[in-house]
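1. mind looking at a prediction? Sequence and model below.
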Amino acid sequence: MIISVLTRRLREGNDYSDFRAAWLPDEGFGVPTRVVSAVSMDDPQEIVTIGFTDLDPRDAEAFLARIGPQEQLRSDRIAEVVEPGGGRGLYLQVADDDLTDGPPSL
């Protein structure tokens, strides 16, 4: 599982609905992908998206090359509603813990 974390700040005059309209992809990614989006409780101009893509890390480069043109279009649309900068990271999942009833066993 590859996890992507992106933080963005909305441009003045834009809200989450503007971001979402720009952010939604024109087509699917072709691999199981789920994205959680969140707005900061302290600052509604700050948005975080966390993506979970069920992809072997060895296939990541080919995957990114395949979706590159589609992602460039999305990136251009998103740039119109968010400020330059922001943070971006790709991570390899190493754990998935359910803490509902206490800590998991080691």
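-> Okay, I see it.
2. report the secondary structure state of residue 22.
-> Counting by DSSP: H, G, I helix; E, B strand; the rest coil, the backbone at residue 22 sits in helix.
3. measure it to residue 43 for me?
-> From residue 22 across to residue 43, the span is 19 Å (CB to CB, to the nearest Å). All C-beta spots, glycine's among them, are computed from the backbone N, C-alpha and C.
4. quick one: which of the two has more around it?
-> residue 22 (17 against 10; other CB atoms under 10 Å).
5. thought the more buried one was touching residue 47?
-> No: counting by CB atoms under 8 Å, residue 22 stays clear of residue 47, with 11.2 Å between them.
6. name the helices or strands packed onto the strand or helix carrying residue 78?
-> Applying DSSP states H and E as the criterion places residue 78 in helix 60-79. Counting contacts by 3 or more CB pairs under 8 Å, 6 or more residues apart in numbering; DSSP states H and E, helix 60-79 is packed against helix 16-23.
7. distance from the helix it packs on to the middle of the chain?
-> On the basis of CA atoms, centre = their mean, to the nearest Å, helix 16-23 sits 13 Å off its chain's mean C-alpha point.
8. in it, what's buried?
-> 16, 18, 19, 22, 23 (16 or more other CB atoms under 10 Å).
9. got it, and stretch 23-41?
-> So, applying 16+ other CB under 10 Å, buried residues of stretch 23-41: 23, 29, 33.
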